[in-house]
Structure formats: structure tokens, C-alpha cells
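Undergrad: Sequence plus predicted model, see below.
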Amino acid sequence: QVQLVESGGGLVQAGGSLRLSCAASGRTFSRYYMGWFRQAPGKEREFVARISRSGDGTAYVDSVKGRFTISRDNAKNTVYLQMNSLKPEDTAVYYCAADSQAVNRYADYWGQGTQVTVSS
């Protein structure tokens, strides 16, 4: 069982930056692929970024490439999402997810979400 708690969301102006954190419980964090998803009002939850168990492999949705960076610290059981050059269309609830095989919309574990609001 893995419990995930996100933090770091907030209100920021367009062009600004935020860093989201997701702290995981348990001693097996390094066994899980981790990812970030987001859901805007009236829209489906979408994939944002994912990272391999060791941290040497990452992937991003096209709309955030070059602006967002996912990373993890297995010693701290934490995954991060550094978000730069934020745009109003990045406004959403951001969710952290974990899975032992692959991080996608069917991931086994989810956090409660953290709100990110980007004003124009």
C-alpha cells in the first residue's frame, strides 16, 4: 500500500514558476514508477509527466515539454514537478500517481490533488 500526498500548488501569474512535491509513504518507493496528471474543470484527467523507478527515464505530454521537469529523490520518498513559464491553460488540479508496472490513467495509487491556478 502506498499513500501519496501532494503539496506546492497555488496561485501564480503567467510566466511564473511552481514546484509540486509528492511525498509517498512506505519503504518501497523506489519500486514504483511515478507520474503527474492534471484535470481542468470540465475536462478529463490528462497525463503530464512520468519518471522511471531509478529516475533515468522521463516522458512528458507535448504541451509541457521544455517547461516542466519531473524528478525524484528515492532517499526522501518524494517526486517533484518543476513547472516554469506557466500558462493560464496549465490551470488544473494536479495529481501524483504511482504504479509498480506503468503509470497511466489506471495507476494503482493516487494522491488527493493540489490546485494550480495561473492568472493571465
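TA: Thanks, I have the structure now. Bear in mind the structure is a predicted one, so any value in this text is a computation, not a measurement.
Undergrad: wait, what's in contact with the residue lying farthest from the centre of the chain?
TA: Relative to the centre of the chain, the most outlying C-alpha is that of Ser120, 22.4 Å out, by Cα atoms, centre = their mean. For Ser120, the contact set (Cβ atoms under 8 Å, 6 or more residues apart in numbering) comprises Ala14, Pro88. The C-beta positions use only the backbone N, C-alpha and C, and glycine is treated the same way.
Undergrad: And what about the most centrally placed residue in the chain, helix, strand or coil?
TA: What sits nearest the mean C-alpha location of the chain, by Cα atoms, centre = their mean, is Trp36, with 2.7 Å. When classified by DSSP: H, G, I helix; E, B strand; the rest coil, Trp36 comes out as strand.
Undergrad: I'd guessed it sits against Ala49; true?
TA: Yes - Trp36 is within contact range of Ala49, at 4.9 Å (criterion: Cβ atoms under 8 Å).
Undergrad: Give the residues shared as contacts by these two.
TA: The contact sets of Trp36 and Ala49 overlap at Ile70, Leu81 (Cβ under 8 Å, 6+ apart).
Undergrad: Where do the helices of this protein begin and end?
TA: In order along the chain, the chain carries no helices (DSSP state H).
Undergrad: Skipping its backbone neighbours, what lies nearest Phe37 in space?
TA: Leaving aside its sequence neighbours, Phe37 sits nearest to Tyr95 (Cβ to Cβ, 6 or more residues apart in numbering; 4.8 Å).
Undergrad: wait, what's in contact with that neighbour?
TA: The contact partners of Tyr95, by Cβ under 8 Å, 6+ apart, come to Glu6, Trp36, Phe37, Arg38, Gln39, Arg45, Trp110, Gly111, Gln112, Gly113.
Undergrad: Now for the first one: which residues touch it?
TA: By Cβ under 8 Å, 6+ apart, the residues touching Glu6 are Leu20, Ser21, Cys22, Tyr94, Tyr95, Cys96, Gly111, Gln112, Gly113, Thr114.
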